[in-house]
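Participant: What shape does this take:
(2 chains)
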Protein chains: 2
Amino acid sequence: MFSQRILDIDMSEVKRVVSLIKGGNVISFAGGVPSKELFPLKELREAFLEVGEIADVFQYGSTLGFEGLREELLKHLKESQEIHAKLEEIMITHGSQQGIDIIGRVLVDPGDIIVVEAPTYFVALNTFQVYEARFLQVGLDEEGLKTEELESLLRKGEKIKLVYTIPTFQNPSGVTMGEERRKHLVELAEDFDFIIVEDNPYGELRYSGSPVKAIKHFDKSGRVINLGTFSKIFVPGFRLAWLIASEELMEKLEVGKLTTDVCSNTVGQYVTWAFMRKGLLKKHIQRLIEFYRPKRDAMLEALDEFMPENVSWTKPDGGMFIWLTIDDNVDTKEMLEDAVKRGVAYVPGKVFYTLRGGENQMRLNFTFESVERIREGVKILAKLISIS
Amino acid sequence: MFSQRILDIDMSEVKRVVSLIKGGNVISFAGGVPSKELFPLKELREAFLEVGEIADVFQYGSTLGFEGLREELLKHLKESQEIHAKLEEIMITHGSQQGIDIIGRVLVDPGDIIVVEAPTYFVALNTFQVYEARFLQVGLDEEGLKTEELESLLRKGEKIKLVYTIPTFQNPSGVTMGEERRKHLVELAEDFDFIIVEDNPYGELRYSGSPVKAIKHFDKSGRVINLGTFSKIFVPGFRLAWLIASEELMEKLEVGKLTTDVCSNTVGQYVTWAFMRKGLLKKHIQRLIEFYRPKRDAMLEALDEFMPENVSWTKPDGGMFIWLTIDDNVDTKEMLEDAVKRGVAYVPGKVFYTLRGGENQMRLNFTFESVERIREGVKILAKLISIS
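Facilitator: Numbers count the residues shown, from 1 in each chain, chains lettered A, B, ... in the order given. Model (predicted):
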């Protein structure tokens, strides 16, 4: 009865993780969900009341999205990431997830090769799988995607359709691609004619270090598609995100959006616009940074204090995740059940790889729990690793 | 650069229609958009203020959707369409369009055959095309889809994956499938093992005649997927709709939704729930009916009064559209340019067919314009047809 493409998507491990964690008072390092205690409820109400008298707010909108919001976003992205784009080059989507889906729909033929980071955000993999892509993995280090490794793949004659990267505070690793690598990646895209999908949900959540320019900033030939989202810097409840691409690509991406859900919800777009035009988004991001920074610090400190010698981890300047590696023959998938019994949860590394890898790794989220519970959770985890 | 599936979607005619109509003071019978003057702005504001204090309203929601809203919907659908379903059998989507997309994703392999009504809603065709379906057309009459015609196709050995039907106040024809045909269709689905997609955006907008039971009502073996939407009976601006399917199907449809956009916007779901639980949806639908009925009547009367002998049209009991056929060798696609110059617009019949047909037909929407402009527009159109 079911299509081959949906049968090929294996959600069993993710479902297992979710059902293990559900219920109980587990200290969760598993999620990637923003803290709801920081949602700007008062400002949201004011924004709604400002626009709620306009009937158009509740009508269908254009497929690319509400112009007012797209204009505000372009101003914001110019300032924060040095992205220079025109109104015709930005589309509002329902989550970055939908951006990925539309890109797959519009660009990927069955068998086309997509290069992903190893490890990477697994739901993106599932979505590209819908379009029957094949995957190649390229490794990461503290400077992000190893573009040298990608170059040698390309020089060997591997024909690549697109590279999917989360260059800043990567999910799950937390690492950030350096500027030289960003330029190198864009050069490779020009030389070997592929598209770069730059997925940047966390880039503005920076707790230390200096801002980086978007990969899109270095794009001169329209080969970079930039994805961003309000879910991590405002609220997820409107499911609003955006996609920036050249006009040539956008013409077809718009058809992709039309066949998906016609247009994004207008109400959310107007409310978000009303919030942004008062300059509240920048202030809100600053609050988030002040709120998340001590949590990151607490997790890094606790890891330092409690973890045994054979454990290493990334030291991200921002985002939501720390990536932990156990230099030993342990299976973090198996260990999860025990961890939950002891009161702490994480996501096993395996799910972030398309092929092999990650058995001895895990992703730790530090934005959800309190500083105290972060410390407590890391302590439990360290003890469990010590005896495993 | 682009995928074959997106290159195969031809939007040129739709774009031509849109650009012809844009600007100017054309009397538009082309759209299918609800009248924004009836949006319940005051009640929407109240509903928002009631739920806007709850942080969860702005958080990610579950993939199936907010339980409160799904419960309210089930109560409503039981009463209005005699659909009996469980909470696990209903999912909130971003527009029925997304329901169609997810169904294609989960059920359609390349080359699978989808039976559609001739004529039918063309964006559904474009969406199924994404999954490389092949189409067969089955004709319509005043009793809806000719299930006898479908049966002979099936008896000839045609292997069909799914039947897509808009059984009530069909788009574009306005006709409604009778109860005997609904039962017959379900029997065929059981005998020949296919899925029925029942798309019902307009069913509750009834201006005359007696209510009909949903096709889903007659489903005993989980072969009917029912789609409905708030866009036509409440507001389109939240992009909220729903999909009802058996639990077996739902398990995979949920994966389809997850890979599309994770979950539907939570804010819209809570506000709609707050509106529904006060019993306001039923009242609002009644207001819409009182508002649209005179418009339908005005169009039917004007058609009677002004159209030449060689023109016939459907007499719908509800919905938004009348389907007009000119018994002559005219091309409504070509005629559109002239019509717009004279101040009236419609959608040419051709776009509603996958294969051949519709050259001498057009779809007329009667919900958007005022009674006076409807009369005026029909008069202009009648004159143009007379001299064509």
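
Participant: Count the neighbours of A:V115 for me.
Facilitator: Neighbour count of A:V115, defined by other C-beta atoms under 10 Å in any protein chain shown: 24. For the C-beta atoms, the positions are set from N, CA and C on the backbone; glycine is no exception.

Participant: for the one 5 residues further on, same thing?
Facilitator: Close neighbours of A:T120, defined as other C-beta under 10 Å, add up to 26.

Participant: Tell me the secondary structure at it.
Facilitator: Here A:T120 is coil, with the state taken from DSSP: H, G, I helix; E, B strand; the rest coil.

Participant: Skip the chain neighbours and tell me the closest residue to it.
Facilitator: Excluding the flanking residues, the one nearest A:T120 by C-beta to C-beta, 6 or more residues apart in numbering or on different chains is A:F352, at 6.0 Å.

Participant: Next up, the contacts around that neighbour.
Facilitator: Counting by C-beta atoms under 8 Å, 6 or more residues apart in numbering or on different chains, A:F352 touches A:A118, A:P119, A:T120, A:Y121, A:F122, A:P172, A:G358, A:Q361, A:R363.

Participant: What of A:I103?
Facilitator: A:L162, A:V197, A:I225, A:L243, A:L253, A:G256.

Participant: ok, now A:Y270?
Facilitator: A:V51, A:I54, A:V57, A:F66, A:G68, A:L69.

Participant: any idea how far A:V116 is from the residue nearest to A:T120?
Facilitator: 10 Å (C-beta to C-beta, to the nearest Å).

Participant: Name the single longest strand found in chain A.
Facilitator: Using DSSP state E, we find that the single longest strand of chain A is strand A:134-141.

Participant: Run me through the strand neighbours of that strand, direction for each.
Facilitator: strand A:113-118 (parallel), strand A:144-145 (antiparallel) (DSSP bridges).

Participant: could I have that strand exported to PDB, CA atoms only?
Facilitator: This file holds the C-alpha atoms of strand A:134-141, laid out as PDB (Å, rounded to 0.1, in the frame of the first residue of the first chain):
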ATOM      1  CA  ARG A 134      21.900   9.300  -2.300                       C
ATOM      2  CA  PHE A 135      24.200  10.600   0.400                       C
ATOM      3  CA  LEU A 136      27.900  11.100   0.800                       C
ATOM      4  CA  GLN A 137      29.300  12.100   4.200                       C
ATOM      5  CA  VAL A 138      32.100  14.500   4.600                       C
ATOM      6  CA  GLY A 139      33.700  14.900   8.000                       C
ATOM      7  CA  LEU A 140      33.800  17.800  10.400                       C
ATOM      8  CA  ASP A 141      36.400  19.300  12.700                       C
END
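
Participant: picking that back up, which of the strands paired with strand A:134-141 is buried the deepest?
Facilitator: strand A:144-145 (a mean of 26; mean count of other C-beta atoms under 10 Å in any protein chain shown).

Participant: all strands of chain A, in order?
Facilitator: A:27-28, A:90-94, A:113-118, A:134-141, A:144-145, A:162-165, A:195-199, A:224-229, A:240-244, A:311-313, A:321-326, A:344-345, A:347-348, A:361-365.

Participant: Can you name every helix or strand that the second one contacts?
Facilitator: Right, the one you point to is strand A:90-94. Where contact means 3 or more C-beta pairs under 8 Å, 6 or more residues apart in numbering or on different chains; DSSP states H and E, strand A:90-94 is packed against helix A:67-81, strand A:240-244, helix A:247-261.

Participant: now the last one
Facilitator: Taking 3+ C-beta pairs under 8 Å, 6+ apart as contact, the helices and strands that strand A:361-365 lies on are strand A:321-326, strand A:347-348.

Participant: List the buried residues of the one helix or strand in chain A whose mean pLDDT sits lowest.
Facilitator: Within chain A, no helix or strand scores below helix A:12-21, which has a mean of 83 by mean pLDDT, DSSP states H and E. Within helix A:12-21, the residues that count as buried by 16 or more other C-beta atoms under 10 Å in any protein chain shown are A:V17, A:L20, A:I21.

Participant: Report the angle between that helix and helix B:247-261.
Facilitator: 100 degrees (axes from the mean of the first three to the mean of the last three C-alpha atoms, to 10 degrees).

Participant: Check the offset of helix A:12-21 from the chain's centre.
Facilitator: On the basis of C-alpha atoms, centre = their mean, to the nearest Å, helix A:12-21 sits 20 Å off its chain's mean C-alpha point.

Participant: which residues does the closest residue to A:F192 other than its chain neighbours contact?
Facilitator: Distances taken as C-beta to C-beta, 6+ apart place A:L154 nearest to A:F192, at 4.7 Å, with adjacent residues excluded. A:L154 makes contacts with A:I160, A:L188, A:D191, A:F192, as judged by C-beta under 8 Å, 6+ apart.
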